[in-house]
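Novice: Give the three-dimensional model of this entry:
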Amino acid sequence: MRLRRLHRYGDDRLFIVPLDHSVADGPILPGDQLDPLIGTLAGNGVDAVVLHKGRVAFVDPRRFANIGLIVHLSASTMHARDPDAKYLVSSVENAVRMAADAVSIHVNLGSDEEGTQIADLGAVADACATWSIPLLAMMYPRGPRITDPRDPALLAHAASLATDLGADIVKLPWAHSTEEMRDVVRQSAIPVITAGGPAEQDPAGVLAHVSRMLDGGTAGVAMGRNIFQAADPGKIARRVAEVVHSPLSIDAEFSAAGSALLTSS
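Specialist: You can find the predicted model right below:
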């Protein structure tokens, strides 16, 4: 049921907007802007947002009638001695209490703290099985022994690791080419979504990148900065959604509900 809520358009694709960057990088939005932003995203075709537990309290719960909630369980900051290390900061049980549709966890394959992160992935996957909640594993080849974080062999290994330890969906960086990404996806037993890439000033460039990712066989995209830092987040979200869920058909009542909440904010 929770996976069906994430796949709200009835296809096998996902458009996720991560909003968890503030733990690693500092504030990404003024404090009162998160709720209206999520209202805008909910009315423009976004399937789900990723939030840390504390931020959920700043969002009108009615927003999540029209957009999925993924609670991120791991964190680190850019100021740490080892920024590649990730630590659990919440639990699956707590996410279930918050009515989350899924949880996510970050693993840096090849980091000095890889062992701890893989152990956390396994433990979180076990808890997800207990509570019947989907797990999104964000897997990045990243660390002192990683010379090419987009190496397709490493990406395939990361997807395999996520599968073996019980993830339902895996998020990976983009490979060097569409053909290489297709090979990575072909080897994965679970759906692969890709990171949204670096900040892009030109909306046409964002849409072209999303099209390439889908051509690579991926099940969708997790795109943060290119959405929430855009001059018009709703407009670019709608255009990305139309690429991911083509043809996109948002129910009129769904849009009206999101707009009404946005107006009331």
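
Novice: for the residue nearest in space to the middle of the chain, phi and psi?
Specialist: Closest to where the C-alpha atoms of the chain average out (C-alpha atoms, centre = their mean) is A222, at 4.3 Å. Here is the backbone geometry of A222 (degrees, to the nearest 10): phi -110, psi 100.

Novice: do the same with D215
Specialist: Dihedral angles for D215 - degrees, to the nearest 10 - are phi -60, psi -30.

Novice: Please apply the same query to the one 5 residues further on.
Specialist: Backbone torsions of G220, given as degrees, to the nearest 10, read phi 150, psi -160.

Novice: Measure how buried the closest residue in space to it that isn't next to it in sequence is and give me the count.
Specialist: Sequence neighbours aside, L14 is the residue nearest to G220 in space, at 3.6 Å (criterion: C-beta to C-beta, 6 or more residues apart in numbering). Every C-beta, even on glycine, is put in place using the N, C-alpha and C of the backbone. When counting by other C-beta atoms under 10 Å, one arrives at 25 neighbours for L14.

Novice: cool, A119 as well?
Specialist: 12.

Novice: per-residue confidence at it?
Specialist: Note for A119: predicted pLDDT of 98.

Novice: three-state assignment of it?
Specialist: What DSSP: H, G, I helix; E, B strand; the rest coil gives for A119 is helix.

Novice: for the one 10 residues further on, same thing?
Specialist: In the three-state summary, A129 is assigned as helix, counting by three-state DSSP.

Novice: Compute the distance between the closest residue to it other than its chain neighbours and V192, please.
Specialist: Once flanking residues are discounted, A129 sits nearest to G166: 6.5 Å by C-beta to C-beta, 6+ apart. From G166 across to V192, the span is 16 Å (C-beta to C-beta, to the nearest Å).

Novice: do Y87 as well
Specialist: The gap separating Y87 from V192 is 25 Å, by C-beta to C-beta.

Novice: for the nearest residue to the residue nearest to the centre of the chain once chain neighbours are set aside, helix, strand, or coil?
Specialist: Nearest non-adjacent residue to A222, counting by C-beta to C-beta, 6+ apart: I16, 4.3 Å away. Here I16 is recorded as strand under three-state DSSP.

Novice: beta partners of I16?
Specialist: Here I16 sits in beta bridges with A48, A222, going by DSSP bridges.

Novice: what's near enough to touch it?
Specialist: Applying C-beta atoms under 8 Å, 6 or more residues apart in numbering, we find I16 in contact with V46, D47, A48, V49, V50, I70, L136, I193, G220, V221, A222, M223.

Novice: Swap in 10 Å and give it another go.
Specialist: 6, 46-50, 68, 70, 102, 104, 136, 169, 171, 193, 196, 220-224, 227, 244 (C-beta atoms under 10 Å, 6 or more residues apart in numbering).

Novice: the more surrounded of G166 and V192?
Specialist: Legend: neighbour count by other C-beta under 10 Å for G166 and V192, higher for V192 (26 against 18).

Novice: shouldn't that one be in contact with D183?
Specialist: No: V192 lies out of contact with D183 (C-beta atoms under 10 Å); the separation is 11.2 Å.

Novice: what's the overlap in contacts for those two?
Specialist: With C-beta under 10 Å, 6+ apart, V192 and D183 have common neighbours L155, A156, G216, G217.

Novice: Now the last one: closest residue in space, sequence neighbours ignored.
Specialist: Of all residues beyond its chain neighbours, the one nearest G217 is V185 (3.8 Å), with distances taken as C-beta to C-beta, 6+ apart.
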